[in-house]
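Colleague: this one's structure only:
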């Protein structure tokens, strides 16, 4: 059982870092992010707005280590964000 909890914590930490990096890259207008927006034919202004929920979810996941309900809410929000993007 403890192994599952450790795995969940590691995955949560990795997700928090990945989405924080993606959000910060969008805010910094990294060339890779601009190219992705162009490839997906999404106007840059709209694509860049995705940074806000990405960063908020990342911070929420990290805060979830201290306050579990906050982490669960952040995970649910992140699932909605990713799920909506797949439509």
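Modeller: Looks like it arrived, so ask away. None of these values were measured; they are calculated from a predicted model.

Colleague: For the residue minimising distance to the centre of the chain, report the pLDDT, please.
Modeller: Taking C-alpha atoms, centre = their mean, the centroid of the chain lies closest to residue 19, which sits 3.2 Å from it. With respect to pLDDT, residue 19 scores 96.

Colleague: burial measure for residue 30, as a count.
Modeller: The tally of other residues near residue 30 (other C-beta atoms under 10 Å) stands at 14. Quick note: C-beta positions are derived from backbone N, CA and C, even for glycine.

Colleague: Hmm, I typed the wrong one, I wanted residue 81.
Modeller: Residue 81 sits with 15 neighbouring residues when counted by other C-beta under 10 Å.

Colleague: residues touching it, list them.
Modeller: 50, 53-54, 57 (C-beta atoms under 8 Å, 6 or more residues apart in numbering).

Colleague: If we use 7 Å, what do you get?
Modeller: Counting by C-beta atoms under 7 Å, 6 or more residues apart in numbering, residue 81 touches 53, 57.

Colleague: Dihedrals phi and psi, it?
Modeller: Main-chain torsions, residue 81, degrees, to the nearest 10: phi -60, psi -50.

Colleague: sorry, back to before: against residue 79, how distant is the residue nearest to the centre of the chain?
Modeller: 12 Å (C-beta to C-beta, to the nearest Å).

Colleague: ditto for residue 4
Modeller: Residue 4 is 19 Å from residue 79, by C-beta to C-beta.

Colleague: Comparing those two, which residue is more hemmed in?
Modeller: Neighbours were counted for residue 4 and for residue 79 using other C-beta under 10 Å; residue 79 has more, 11 against 8.
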